[in-house]
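**Student:** no sequence on this one, just coordinates:
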């Protein structure tokens, strides 16, 4: 099966699209959701599974979430039968929720429902590429919105325990959320969290600072080395051909990310959520030392670090993906038993 499916195959996989909006949820501090049908969006549904050469088995329900009056983001929900928990996935910089279909397959097979949203400025979300109004909006509104969107879907209990899984920038965002709202989630999974990386050249930071004061939504190259994503050439090819992937970051998002990095490395000492950290030892996108540092700073017994020898940035799309998924499933089983 080709990594990016034909138009006929994509059409056969198309499912209904839902929209969610509303007031604040008292439990998870996010939008209260209700179901509202909207028109089918072909450009969203055709990229449900485009990263793994093998076709995804679980159909995704397409969703829309209205975050506030100005922000609406699309996403996907993969619903398990008799789910044990909800795994909410935050994607990394420049990618989108559709790249997690293969991981969702494995989770659904083990009775975990899965949800993921395209962050503002990413995937099918409207607006300048790589731009978010503020980091606080991502942490305090977009992340908790994922926890409520499956409510009301057939067979999905309203009180499922929640595990937050973030990759790269999404890992930093997930950690920042867990430190701010620890009582709302059962567990935290950080895949190559972007807590340490090489600083940009001084001239580029100066330019970004000037742009931040004048045009905070302007897009600059994020400098990501795509060849360091995975050792699997088919994954690299699929990512390169994916029209929803970009290499942009706005000054607003960049400075929000940098401030979050400094904050979490101080506050991680009070981490109160069981945490699994997965890190490729040969990661060239983020510095693997960041994962080691997080593990060392977290309270004793609160975090577990697993590294993958010669592993690249995306552990769930790299050559050791099967082992990474098994490590994740084993850890999930353990925290659900406790």
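**Tutor:** Everything's here; your move. In this text the structure is predicted, and so the values were computed from the model without any measurement.
**Student:** any chance you could map the helices in the stretch 151-300 of the chain?
**Tutor:** 169-180, 202-214, 233-241, 251-267, 289-297 (DSSP state H, counting those that start in this stretch).
**Student:** May I see these organised as CSV, with distance to residue 135 and mean neighbour count added?
**Tutor:** Using the backbone N, CA and C atoms, a C-beta is placed for each residue, glycine as well. Output for those, formatted as CSV (distance: least, Cβ to Cβ, whole Å; neighbours: other Cβ atoms under 10 Å):
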stretch, distance to residue 135, mean neighbour count
helix 169-180, 8, 26
helix 202-214, 13, 13
helix 233-241, 25, 16
helix 251-267, 3, 19
helix 289-297, 18, 18
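**Student:** need the least confident one among the ones you listed, by mean pLDDT.
**Tutor:** Ranked by mean pLDDT, these bottom out at helix 202-214, with a mean of 51.
**Student:** Quick one: residues contacting the residue minimising distance to the centre of the chain.
**Tutor:** By Cα atoms, centre = their mean, the chain has its centre lying nearest to residue 90, at 1.6 Å. Contact analysis of residue 90 by Cβ atoms under 8 Å, 6 or more residues apart in numbering lists 116-117, 119, 143, 146, 164-167, 170-171, 173-174.
**Student:** so which of the helices of the stretch 151-300 of the chain comes closest to residue 127?
**Tutor:** Residue 127 sits nearest to helix 251-267 of all those, at 11.2 Å, using Cβ to Cβ.
**Student:** Does residue 103 touch residue 324 like I think?
**Tutor:** No: using Cβ atoms under 8 Å, residue 103 is not in contact with residue 324, being 9.1 Å away.
**Student:** And the two? Which one has more around it.
**Tutor:** Neighbour count, other Cβ atoms under 10 Å: between residue 103 and residue 324, residue 103 has more, with 26 against 23.
**Student:** Look at the more buried one and give its secondary structure.
**Tutor:** helix (DSSP: H, G, I helix; E, B strand; the rest coil).
**Student:** what's the neighbour count on the closest residue to it other than its chain neighbours?
**Tutor:** The shortest distance from residue 103 to any non-neighbouring residue, by Cβ to Cβ, 6 or more residues apart in numbering, is to residue 316 (5.0 Å). If you count neighbours by other Cβ under 10 Å, residue 316 ends up with 24.
**Student:** ok now do residue 316, which residues does it touch?
**Tutor:** Counting by Cβ under 8 Å, 6+ apart, residue 316 has contacts 100, 102, 103, 167, 191, 324, 325.
**Student:** cool, residue 112 as well?
**Tutor:** By Cβ under 8 Å, 6+ apart, residue 112 lies in contact with 80, 83, 84, 85, 86, 87, 163, 332.
**Student:** Might one say that the first one is in contact with residue 111?
**Tutor:** Yes: applying Cβ under 8 Å, one finds residue 80 in contact with residue 111, separated by 4.9 Å.
**Student:** So if I had to pick from the two, which one is more boxed in?
**Tutor:** Shown here are residue 80 and residue 111; by other Cβ under 10 Å, residue 80 has more neighbours (22 against 12).
**Student:** ok, back up a step: out of the contacts of residue 316, who's the most crowded?
**Tutor:** residue 167 (30 neighbours).
**Student:** List the beta-bridge partners for that residue.
**Tutor:** Beta-bridge partners of residue 167, counted by DSSP bridges, are residue 191.
**Student:** Repeat that for residue 115.
**Tutor:** residue 77, residue 88.
**Student:** Quick check: it touching residue 86?
**Tutor:** Yes: counting by Cβ under 8 Å, residue 115 does reach residue 86; the two are 6.5 Å apart.
**Student:** Give the residues shared as contacts by those two.
**Tutor:** residue 150.
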